[in-house]
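J.: Just to be clear, the model below is a prediction. Sequence and coordinates:
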Amino acid sequence: MWHPNRNPNRNQNRTPNRSLIRSRGRPLAREATHSPTRHPAAGMLAENEKGPTMRIVIKVGTSTLAHPTGRLNIQRIELLCKVMSDLKNAGHQIILVSSGAIAMGFGKLNLPERPKDVPTKQASAAVGQCELMYTYDKAFGEYNHTVAQILLTAEEVDQPDRFRNFHNTMVRLLELHALPIINENDTMATEEIKIGDNDTLAARVAVSMEADLLILLSDIDGLYTADPRTHPDAELISDIPALTDEIIALAGGAGSSLGTGGMATKLQAATLATAAGCDMVIANGVAPSILYDIADGKPVGSRFRAKKG
């Protein structure tokens, strides 16, 4: 797969913007009246009063966005957008990978359950994606942030030319201070060209955009020593310095009935992200304000440490 780091011309033909502070060729927060101190770690963008600002990819699962009925959880999504807007105001670059199109579509179409056949799934996605982006646009607009929709299939990720176009578009959106919202193009994706789950999609986006942190918000607090839904004595593993065989073996099956992922896909995402030098955190999205603590490096959920060197 083509990777931006392997393209020596990735920053050519780009008009520099002197009002932006840059690190590794990426756009940062607008320069303050004082000169921010650069963080020595690669990938850190600048400094705010709490420390270095980062490029953060946040993946929000269907179970976080929707009620079991498939209808939008309005209170939660409004709080999510408020917190992400505040993190963006603090200088962090935010990229959102959002599930939920199919779930919201079948809810709006008044279907009794998540569809199982491909045509109905794709029809639900077509309806649900409209509602999803309308909701995001309205919620982020309350805090004067502009959103951009990007729908991907595996073709955009796997084919070098198309992936390069995606990467260049993302870079320009961040330069323009937009907040990209990415989802798989479920209406068009077939078995042959679908990525499959948004945990994997989020990890691939984090790798391609050289993110500092990937956050997966789901309906579980993190990685446990056993499935906490069936093992009440299971313990949360808060810090994972390396993805050992023992850690990989802890992955179970699929998650909630609304989504497509589970712990196995999250550990696959961790493998991709940490290998590229990006920390990853799995946390429960029921209380979106935990994003503040995660960004500050506090022990929330399960943090997978990036490989060094």
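T.: That came through, no problem.
J.: Correct me if wrong: Gly222 contacts Ile294.
T.: No - look at Gly222 against Ile294 with Cβ atoms under 8 Å: they stay out of range, at 11.1 Å. Placement of C-beta: from N, CA and C, glycine included.
J.: list residues touching both of these two?
T.: Val281, Ala283, Gly301 (Cβ atoms under 8 Å, 6 or more residues apart in numbering).
J.: which stretches of the stretch 51-200 of the chain have low pLDDT?
T.: Residue ranges of the stretch 51-200 of the chain with pLDDT under 70: 51, 189-196.
J.: Tell me where it has helices.
T.: Here the stretch 51-200 of the chain has its helices, by DSSP state H, counting those that start in this stretch, at 62-65, 74-89, 101-108, 118-141, 154-158, 160-175, 198-208.
J.: now do the stretch 201-309 of the chain
T.: Under the criterion DSSP H, counting those that start in this stretch, the stretch 201-309 of the chain contains helices at 245-248, 263-275, 290-295.
J.: Report pLDDT for the residue lying closest to Ala275 once chain neighbours are set aside.
T.: Spatial nearest neighbour of Ala275, chain neighbours left out: Lys307 (5.7 Å); criterion: Cβ to Cβ, 6 or more residues apart in numbering. Predicted confidence (pLDDT) for Lys307: 87.
J.: now do Glu210
T.: 94.
J.: okay but it is in contact with Arg55, surely?
T.: Yes - using Cβ under 8 Å, Glu210 and Arg55 qualify as a contacting pair, with a distance of 7.0 Å.
J.: So if I had to pick from those two, which one is more boxed in?
T.: Ranked by neighbour count (other Cβ atoms under 10 Å), Glu210 and Arg55 place Arg55 first, with 24 against 20.
J.: Report the separation between the more buried one and Gly91.
T.: From Arg55 across to Gly91, the span is 11 Å (Cβ to Cβ, to the nearest Å).
J.: And for Ala234?
T.: Where Gly91 is concerned, Ala234 sits at a distance of 37 Å (Cβ to Cβ).
J.: Just want to check the distance between the nearest residue to Ala295 once chain neighbours are set aside and Pro288.
T.: Spatial nearest neighbour of Ala295, excluding adjacent residues (Cβ to Cβ, 6+ apart): Leu87 at 6.0 Å. Leu87 sits 11 Å away from Pro288, taking Cβ to Cβ as the criterion.
J.: Arg305 too?
T.: Counting by Cβ to Cβ, the gap from Arg305 to Pro288 is 24 Å.
J.: who's more crowded, those two?
T.: Counted by other Cβ under 10 Å, Arg305 and Pro288 do not tie: Pro288 has more neighbours, with 23 against 14.
J.: Who are the contact partners of Met104?
T.: Counting by Cβ under 8 Å, 6+ apart, Met104 has contacts Leu65, Ala66, Gly70, Arg71, Leu72, Val127, Gly128, Glu131, Leu132.
J.: Tell me the backbone dihedrals of the residue nearest to the first one when sequence neighbours are not counted, please.
T.: It refers to Leu65. Among residues not flanking Leu65 along the chain, Gly100 sits closest, at 4.2 Å (Cβ to Cβ, 6+ apart). Torsion angles at Gly100 (phi, psi; degrees, to the nearest 10) stand at phi 110, psi -10.
J.: Surely Gly100 and Ser63 touch.
T.: No - checked against Cβ under 8 Å, the pair Gly100 and Ser63 is beyond contact range at 9.3 Å.
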